[in-house]
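Chemist: Sequence isn't available, so here's the structure alone:
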Ligand SMILES: Cc1ncc(COP(=O)(O)O)c(C=O)c1O
């Protein structure tokens, strides 16, 4: 039987043809395909936004922080449960990440906790739409308004997600997407920012490419020590092939996630992720398993599933327990929910080409591994 990975990108022949035609065009780096991709993404998000693409979401997030000028003594509030990039970029611009705990079911930060963490030094909130389930944006933007804060939404998992019927990234301050191959759509590596201010978009253009500007005569100047984060036309061609299929990818993800939820509900010592509504794009399906109750460990579970031909991911260990963040004074016990998720989470296979039969196969293997009766 084929190995079932926890994720796999869907690349069709049209996309492959698009890439080949870009390779043959002679223009490989940033050019017409990047412009086309940024326009297509802006249209996908309703046509009211400015889009800037990047070589990664990590780059997009860092440039977003540089754009709003977070100063070294300032704080950025972010969840203790996310991928390392979310917090790393805050440190890389010299600011301090201030972690907050997340809800055990949604895995998202909660506005009430954020509010308690705001200080006069807080400059921004960096929420993460974990696994594609949107955070409570109304409350977060309300807090931002009250305290004069900027919001950078880490929507790495949430391209195609909707909040109250509106696509994530179609409204709000600065929203960052990732197009890494394990995301809901890919450009191989890549990311994007959605924003509304043309002044900030111009600033991003400078920050994203060496600090370079040109005057009307084409004379070059370097305004600041910029970075190099421009997407290539080859990568943008992949994105142009993916974007028209994103909604159907997410439809399949949602269907499979609901099937998982239906089959796994009621199992003792297994905490299922929150179902959310139709706006959830199900970037991943990650239950929490209390391994000690099953007299095993997560590593033992992962190895046993692997032997049965099934790939399992871990997304993610709690951020504040990594060495780089313990150095800032964080310790075990600070954020119990993030820690429980970090200790117990397993990402089960979920990607658009999977079928319900594949999900059944995962559930059979999971029940055998945990030595429990398979639910009917
Ligand atoms: C929540 C989150 N933020 C940011 C990133 C960084 O994305 P990229 O790999 O495109 O830099 C990731 C990547 O997995 C992520 O999961």
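Modeler: Now that the structure is in, tell me what you want to look at. Note that the structure is a prediction, hence the values are computed from the model and not measured.
Chemist: make it CA atoms for all contacts and neighbour counts henceforth
Modeler: Fine.
Chemist: Name the nearest residue to residue 207, sequence neighbours excluded.
Modeler: residue 226 (4.5 Å; CA to CA, 6 or more residues apart in numbering).
Chemist: And that neighbour, how far from the ligand?
Modeler: Distance, residue 226 to the ligand, using CA to the nearest ligand atom, to the nearest Å: 18 Å.
Chemist: That residue contacts residue 208, doesn't it?
Modeler: Yes. The pair residue 226 / residue 208 is scored as a contact, 6.3 Å apart, by CA atoms under 8 Å.
Chemist: what's near enough to touch the residue nearest to residue 207?
Modeler: 206-212 (CA atoms under 8 Å, 6 or more residues apart in numbering).
Chemist: what's in contact with stretch 68-82?
Modeler: Residues contacting stretch 68-82 (CA under 8 Å, 6+ apart): 86-87, 90, 93-102, 107-109, 114, 117-118, 121-128, 130, 150, 315-320, 335, 338, 341-342.
Chemist: How about it and the ligand, any contact?
Modeler: Yes. Stretch 68-82 comes into contact with the ligand (CA under 6 Å from any ligand atom), by way of residue 82.
Chemist: Need the distance between the two termini of that stretch.
Modeler: 22 Å (CA to CA, to the nearest Å).
Chemist: List the buried residues for that stretch?
Modeler: 68, 70, 74-82 (16 or more other CA atoms under 10 Å).
Chemist: Quick check: buried residues in whichever strand or helix holds residue 260?
Modeler: Element membership of residue 260 [criterion: DSSP states H and E] is helix 246-264. Buried residues in helix 246-264, counting neighbours by 16+ other CA under 10 Å, are found at 246-247, 249-254, 256-257, 260-261, 263-264.
Chemist: now stretch 142-160
Modeler: Buried-residue list, stretch 142-160, by 16+ other CA under 10 Å: 143-144, 147, 149-160.
Chemist: Spit out the contact partners of the nearest residue in space to residue 368 that is not next to it in sequence.
Modeler: Nearest residue to residue 368 in three dimensions, chain neighbours excluded: residue 374, at 7.9 Å (CA to CA, 6+ apart). Residues in contact with residue 374 (CA under 8 Å, 6+ apart) are 363-364, 367-368.
Chemist: mind redoing it with 10 Å?
Modeler: Neighbour list for residue 374: 263-264, 267, 360, 363-368 [criterion: CA atoms under 10 Å, 6 or more residues apart in numbering].
Chemist: Filter those residues down to the buried ones.
Modeler: The buried subset of these (16+ other CA under 10 Å) comprises 263-264, 363, 365-366.
Chemist: which bits of the protein sit near the ligand?
Modeler: Counting by CA under 6 Å from any ligand atom, the residues of the chain near the ligand are 56-58, 82-83, 85-86, 154, 156, 178-180, 190-191.
Chemist: Of the contacts of stretch 68-82, grab the buried ones for ChimeraX.
Modeler: In ChimeraX, a selection of the buried entries from these looks like this (16+ other CA under 10 Å):
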select :86,87,90,93,95,96,97,98,99,100,101,102,107,108,109,114,118,122,123,124,125,126,127,128,130,150,315,316,317,318,319,320,335,338,341,342
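Chemist: among the contacts of stretch 68-82, which are in strands?
Modeler: 96-100, 122-125, 150 (DSSP state E).
Chemist: Same list (those residues) but as a markdown table, adding distance to residue 195 and pLDDT.
Modeler: As requested, these are exported to a markdown table (distance: CA to CA, whole Å; pLDDT from 0 to 100):
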| residue | distance to residue 195 | pLDDT |
| --- | --- | --- |
| 96 | 24 | 97 |
| 97 | 23 | 98 |
| 98 | 24 | 98 |
| 99 | 25 | 98 |
| 100 | 25 | 98 |
| 122 | 21 | 98 |
| 123 | 18 | 98 |
| 124 | 15 | 98 |
| 125 | 16 | 98 |
| 150 | 12 | 98 |
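Chemist: got those as TSV, with distance to residue 21 columns?
Modeler: Putting the ones in strands among the contacts of stretch 68-82 into TSV (distance: CA to CA, whole Å) gives the following:
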residue	distance to residue 21
96	45
97	43
98	46
99	46
100	47
122	48
123	45
124	42
125	41
150	41
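Chemist: Which of those residues lies at the shortest distance from residue 49?
Modeler: residue 150 (17.1 Å; CA to CA).
Chemist: Spatially, and excluding backbone neighbours, which residue is closest to that closest one.
Modeler: residue 124 (4.5 Å).
Chemist: Ramachandran coordinates for residue 174?
Modeler: With angles defined as degrees, to the nearest 10, residue 174 shows backbone torsions of phi -120, psi 120.
Chemist: residues touching the nearest residue to residue 232 once chain neighbours are set aside, list them.
Modeler: For residue 232, ignoring the flanking residues on the chain, the nearest one in space by CA to CA, 6+ apart is residue 29 at 4.2 Å. Residue 29 makes contacts with 22, 230-236, as judged by CA under 10 Å, 6+ apart.
Chemist: And for residue 229?
Modeler: 53-60, 63, 190-191, 205, 207-210.
Chemist: Can you check the pLDDT for it?
Modeler: What the model reports for residue 229 is a pLDDT of 98.
Chemist: all strands of the stretch 1-150 of the chain, in order?
Modeler: Remark: strands assigned in the stretch 1-150 of the chain by DSSP state E, counting those that start in this stretch are 50-54, 75-79, 96-100, 122-125, 150-154.
Chemist: any idea which element the residue nearest to residue 207 lies in?
Modeler: With DSSP H and E as the test, residue 226 turns up in no helix or strand.
Chemist: returning to what we had before: which residues are in contact with each of residue 226 and residue 208?
Modeler: Joint contacts of residue 226 and residue 208 (CA under 10 Å, 6+ apart) are residue 63.
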